[in-house]
Structures are given as structure tokens and as C-alpha cells.
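K.L.:
attaching a predicted model along with its sequence, questions to come.
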Amino acid sequence: MARIIVVTSGKGGVGKTTTSAAIAMGLAKKGHKTAVIDFDVGLRNLDLIMGCERRVVYDFVNVINGEATLNQALIRDKNCNLLYILPASQTRDKDALSQEGVGKVLDELKKDFKYIVCDSPAGIEKGAHLAMYFADDAFVVTNPEVSSVRDSDRMLGILASKSRRAVDNEEPIKEYLLLTRYSPERVKLGEMLSVDDVQDILSLHLLGVIPESKSVLNASNSGTPVILDEKSDAGQAYADIVARYLGENRPHRFIDDKKGFFRNLFGSK
Amino acid sequence: MSIDSQKMPNSPLALEFKSSTFSVPVLVLCSEDLVVIEQQLKEKISLAPEFFRNSPLVLDMQEINKHGYDIDIAALTDIIHKAGLLPIGIRGGNIQQNKQALELLIPVYSIHSSSVSAETQKQKTITPTPEPTADIDTDVTTSTLITQPIRSGQRIYATGDLVILAQVSAGAEIMSEGNIHVYNTLRGRALAGVQGNTEARIFCFDLQAELISIAGNYKVSEDLDETVRNKPVQIYLQDQALIIKDIVQHH
């Protein structure tokens, strides 16, 4: 059974697209046929991060409007043949998406793919709403600062009340916390919320912490998902996240200072 | 209204005053037309003649006076006597009606003194809205249980008590016509007794609320004393002031 994952946050600039690209690549690398969809119509970025911007012919809106088939619009990733990208339209806006249209596209993708990753736009309006509406799992991307945490909390409320699963009274969406741009040094100095602070506010299962890293910017600029940079801390952190999501038991790294020992967070709430 | 008769001649105590509550039918009058009243009274009594025979009765004049009707209490009492009922009181009458009643040896009750009116008054304090009391009664007894976290931006409204086992996030709003219990951290806004119930209380496991309110009397986070913050507390209203107290009473 295919699973739909939404990568969401409420707030912009916290690393949704980076995360979408990384985990989609990670899942595909683990042998699961995966599609990643850019829901940020009008502000498309995913194709840049995935390095396929020069191969975009048709997009998500074309498929919804019946101007192209899904197979015409899906772009196969050049690094992994189990990964496909469905880019957003840059010339349209969020109103081009309809719940019915999105539902149809997802239903079709579900026949062929194991995981469908929906890269949500920022905000809580139509684009973000449609990205999360059909989801089975939600990766809530949060930066360790109060406004981002507050926005994530708001998004969690929307997931719990406005998603298809909530509306149909089904088992609720599984929610996971991804703490990005984390810097243990700055936490120590009191400039940043700690993992415990964030978990105290959100009380959410922590899937992983991605450290603040130059490798993320480098990866974005070169159009290769950071997870492929296996030497980088951010790349390893995403690999851990994918493994944990798939059921592996991996200790958390990158929470404490690099010089310190790895701290196992399992068992804590 | 029988007073216990002490049939002991040797006892110095010949009588004793006791307080007791009775359930007495109240006749609410809505018309000043004595002919109509007599006719409708007869019809009602004919439905259960045994029940009404020599039954005590309290006359309720509130409706009549609301409409400014005038009615002769003596003539009314006559009609009631003829129907086989015994008026034992009047309530909601104006000065003239009360005076007339006393002349006929019928005691005057204030609106809130009789047991029946006390009950209506109690309900009024719960919800001073013009909704039918029957509905309110059932609502007050229902409580709402929530086990999921209340997230920022979510609003919960309960007509009765509200019990929340998970946390209430900053930016969330929980409202209840009755009490609010939060067995976790309360960071959002909590408003109890929103329909005016000043007896409502808020209980929480860890007070970090943005705002707390009981029956419209509120305090914002900034006004919260440091000694009650991050503690299990109960919040209630006393002389229109919000009292926040440690839920565990230290002696």
C-alpha cells in the first residue's frame, strides 16, 4: 500500500524542500519507488534542488487540467531510477490546484509508487491545505526558534482537524518532528531552543535532528539532494531519518556538541 | 404544613419551629379575564380531580404584571376556592396585589424565597440566557473529554465541563460553560463559565496560560504571579476577583 508523506511546517524557509528532496531520494535509494511532488505552484523550487529544472516540460497543473498525462509530466531523477519528480507550475498560482484534481493525481500515483512525498508550500492556505489533505504521514519541519515552533503547532492542529483522515474519521495522520538547522553550540549559549524545549512544546515523536551545515547550501546550489553527500553531517542525519522512518532503530546524533558522546534519546518522550 | 405535635403533657417544650421544604403547585396567571381563568381552571382540574382536591397553591403574578394587567385578588381567590384549591401564597405581585392578598390571609412570598423559585434562580445563575431551562439542564451534565493535544489556532467550545488530558498549546482557545480541567500543560487561552457561571473553575496541571477567564473576569499571562506559574493550580472567582491557588493545599 502506497503511503503519502507531506513535508510541512507552516513557516517558510525552514527547509521543507531540502527535506522533501532528501527523504524522497533516501527512500528511493532504499529501493522504494518514490515520487516527489512540488505543491508550491508559482514559486517552484523542488526542481532546482533536485537538479532537474532543465528537463521540465509539463507540470502538476498541466496534469490536473488534463493537458498532459502523469507519465509525460513525471521526471525521472538522474541519480536514482526509482525516484520521480512532479514539478510545480511557475506561471500559475495556488488556485490552479483543486482538491478533486490533486486527489485524482495522487490516486493514480498510488497505483505505481510506494511513497509519494508532497512538498508543501509555506503558509496555511490553499496550497499547504491540499498538500497535507490526503497525507498518511506528516513530516513537520521545524527550526529551533519560537515562531517556527508556533507555526508548526498550528500546522499540527490543521493536520488533526482538516485532513482527509480527520474529516473521514479515520486513523489520524502519523506526525513526525524534524528539527532542522540545529546548532548544539548555540543551544549551549542559550541562543536557540533545545530539542527538549521544542519537544516540550510540540510533544511530538522526534524523527531526527538535522544540524546547521554548509553542505545543505552546497547541495542546493549544485542541485543534488544533500542526502547524497554521505560525508556531510546533514546528509547522514537525513539518512538516519529515512532509516528510522522505515523502522530501523538508530541512535540520535547531532543533538549534542560534536565533541560529546552520541546521546541516545530513545525512551524520552 | 404540619408541625410535629408534641403530645407529652409533662414536657415543657410545647412547640418547635422547623424548616422544611415542600413541593407546591404554582398557578402562573397569564390573563386578567376572570371568566377565562375560571373556565380553563375547571378544564385542568377535570383532568385529575383527585390530584387537585384541597391542594395548596401559590399564585404567581409575574406574567400578569409583566403585561401590566390588573386583576382583583379577592375575586380570583374566590374562583380558586370554588374550584376546590387552597391558595397558600402569592409571589411576584405588585404592592396592591400583595396588600389584597394579606387581607385575605394569604402570605406573600418573594420571588426567590419559595423552593420552586429558588430552583429557577439557581438555573439562572448557571446560564442567564433566555434559552429553555430543560436544554440547559441536560447540557450542564454533559462533559466533553479530549485526549488529543489542542494545537495553536484550534478552538474548543463545550456546553458542559471540559476535560482535556493532553496539552493546550499557545495560540489555542478552550471555552466551556462549566469547568475546565487540563491534566497537562495549559499554554493557550482558557475561558470557563463563558455564559456567566461565576461558580465555574479552571483546574490545570501546569499553568502557563496566555489568558484565563471565569465568567468574563480575566487575567492575561503578564498579570500572573510567578508563584503560580508552572504549577498545578485551580482558578476560581471570589468577589469578582480571580483567585489562583495551588491545587495541593499545604497546611
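P.N.:
That came through fine.
K.L.:
confidence score at residue B:68?
P.N.:
If you check residue B:68, the pLDDT there is 80.
K.L.:
I meant residue A:66, not that one.
P.N.:
According to the model, residue A:66 scores 93 on pLDDT.
K.L.:
that one and residue A:73: what is the separation?
P.N.:
11 Å (C-beta to C-beta, to the nearest Å). To be clear about C-beta, it is placed using only N, CA and C from the backbone, and glycine gets the same treatment.
K.L.:
so which of the two has more stuff around it?
P.N.:
residue A:73 (22 against 9; other C-beta atoms under 10 Å in any protein chain shown).
K.L.:
for the more buried one, give me the pLDDT.
P.N.:
96.
K.L.:
would you mind measuring from the residue in the stretch 151-269 of chain A that chain B sits nearest to to residue B:152?
P.N.:
Closest contact between the stretch 151-269 of chain A and chain B, by C-beta to the nearest C-beta, is at residue A:157 (2.8 Å). From residue A:157 over to residue B:152 the distance is 6 Å, taken as C-beta to C-beta.
K.L.:
what does residue A:160 give?
P.N.:
11 Å.
K.L.:
of the two, which one has the most company?
P.N.:
residue B:152 (26 against 19).
K.L.:
can you count the residues close to the residue nearest to that one when sequence neighbours are not counted?
P.N.:
Distances taken as C-beta to C-beta, 6 or more residues apart in numbering or on different chains put residue B:171 closest to residue B:152, at 3.2 Å, once the chain neighbours are dropped. By other C-beta under 10 Å, 19 other residues sit near residue B:171.
K.L.:
phi, psi of residue B:171?
P.N.:
phi 90, psi 0 (degrees, to the nearest 10).
K.L.:
for residue B:102, identify the helix or strand it belongs to.
P.N.:
Using DSSP states H and E, residue B:102 sits in helix B:95-103.
K.L.:
and the helix or strand just after that helix, which strands flank it?
P.N.:
As assigned by DSSP H and E, the chain's next helix or strand after helix B:95-103 is strand B:108-109. With DSSP bridges as the test, strand B:108-109 is paired with strand B:86-91 (parallel).
K.L.:
burial count for the nearest residue to residue A:24 once chain neighbours are set aside?
P.N.:
Nearest non-adjacent residue to residue A:24, counting by C-beta to C-beta, 6+ apart: residue A:36, 3.8 Å away. Using other C-beta under 10 Å, residue A:36 has 31 other residues around it.
K.L.:
and the helix or strand harbouring residue A:36, what does it pack onto?
P.N.:
Using DSSP H and E, residue A:36 sits in strand A:34-38. Strand A:34-38 is packed against helix A:16-29, helix A:46-49, strand A:83-86, helix A:99-112, strand A:115-119, with contacts defined by 3 or more C-beta pairs under 8 Å, 6 or more residues apart in numbering or on different chains; DSSP states H and E.
K.L.:
report pLDDT for the residue of the stretch 151-269 of chain A closest to chain B.
P.N.:
So residue A:157 comes in at 94 (pLDDT).
K.L.:
ok, the closest residue to it other than its chain neighbours to residue A:142 distance?
P.N.:
Using C-beta to C-beta, 6+ apart and skipping the chain neighbours, the partner closest in space to residue A:157 is residue B:151 (2.8 Å). The gap separating residue B:151 from residue A:142 is 13 Å, by C-beta to C-beta.
K.L.:
which of the residues in stretch A:50-59 are buried?
P.N.:
For stretch A:50-59, the neighbour count (16 or more other C-beta atoms under 10 Å in any protein chain shown) marks A:50, A:51, A:52, A:53, A:56, A:58, A:59 as buried.
K.L.:
could you check the pLDDT of the second one?
P.N.:
In other words, residue A:51. 94.
K.L.:
that one reaches residue A:226, doesn't it?
P.N.:
No - the criterion here is C-beta atoms under 8 Å, and residue A:51 misses it with residue A:226 at 11.9 Å.
K.L.:
quickly find the element holding residue B:75.
P.N.:
Here residue B:75 is assigned to helix B:73-82, by DSSP H and E.
K.L.:
other SSEs contacting that helix?
P.N.:
For helix B:73-82, the packing partners by 3+ C-beta pairs under 8 Å, 6+ apart come out as helix B:34-47, strand B:56-60, strand B:86-91, helix B:95-103.
K.L.:
residues of chain B that sit close to chain A?
P.N.:
Counting by C-beta under 8 Å from any C-beta of the partner chain, the residues of chain B close to chain A are B:148-154, B:166-167, B:169-172, B:185, B:187.
K.L.:
report the contact partners of the residue in chain B positioned nearest to chain A.
P.N.:
Per C-beta to the nearest C-beta, residue B:151 is where chain B lies closest to chain A, at 2.8 Å. Residues near residue B:151 by C-beta atoms under 8 Å, 6 or more residues apart in numbering or on different chains: A:153, A:154, A:156, A:157, A:158, A:160, B:169, B:171, B:172.
K.L.:
can you rerun that using 7 Å?
P.N.:
A:153, A:154, A:156, A:157, A:160, B:169, B:172 (C-beta atoms under 7 Å, 6 or more residues apart in numbering or on different chains).
K.L.:
by neighbour count, which of those residues wins?
P.N.:
With neighbours taken as other C-beta under 10 Å, the top of those is residue A:153, carrying 29 neighbours.
K.L.:
could you find the closest non-adjacent residue to it?
P.N.:
Nearest to residue A:153 is residue B:152, by C-beta to C-beta, 6+ apart, at 4.0 Å.
K.L.:
coming back round to it: I'd guessed the residue nearest to residue B:152 sits against residue B:189; true?
P.N.:
No - Residue B:171 lies out of contact with residue B:189 (C-beta atoms under 7 Å); the separation is 8.5 Å.
K.L.:
residues near the closest residue to residue B:60 other than its chain neighbours, how many?
P.N.:
Nearest non-adjacent residue to residue B:60, counting by C-beta to C-beta, 6+ apart: residue B:28, 4.4 Å away. Residue B:28 sits with 12 neighbouring residues when counted by other C-beta under 10 Å.
K.L.:
my read is that residue B:28 contacts residue B:63, right?
P.N.:
Yes - under the criterion of C-beta under 7 Å, residue B:28 makes contact with residue B:63 at 5.8 Å.
K.L.:
can you pull the contacts of residue B:213?
P.N.:
Here residue B:213 is in contact with residue B:191 (criterion: C-beta under 7 Å, 6+ apart).
K.L.:
and it, that one's in a strand?
P.N.:
Yes - Residue B:213 forms part of a strand when assessed by DSSP: H, G, I helix; E, B strand; the rest coil.
K.L.:
state the pLDDT value of it.
P.N.:
96.
K.L.:
then residue A:92?
P.N.:
88.
K.L.:
OK, contacts around it?
P.N.:
Residue A:92 touches A:41, A:42, A:61, counting by C-beta under 7 Å, 6+ apart.
K.L.:
now those as TSV including distance to chain B, neighbour count and pLDDT?
P.N.:
Listed next are the contacts of residue A:92 as TSV, based on distance: C-beta to the nearest C-beta, whole Å; neighbours: other C-beta atoms under 10 Å in any protein chain shown; pLDDT from 0 to 100:
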residue	distance to chain B	neighbour count	pLDDT
A:41	24	25	94
A:42	24	16	92
A:61	29	22	95
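K.L.:
format those residues as JSON lines; extra columns: distance to residue A:98.
P.N.:
Shown next, in JSON lines, are the contacts of residue A:92 (distance: C-beta to C-beta, whole Å):
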{"residue": "A:41", "distance to residue A:98": "12"}
{"residue": "A:42", "distance to residue A:98": "15"}
{"residue": "A:61", "distance to residue A:98": "10"}
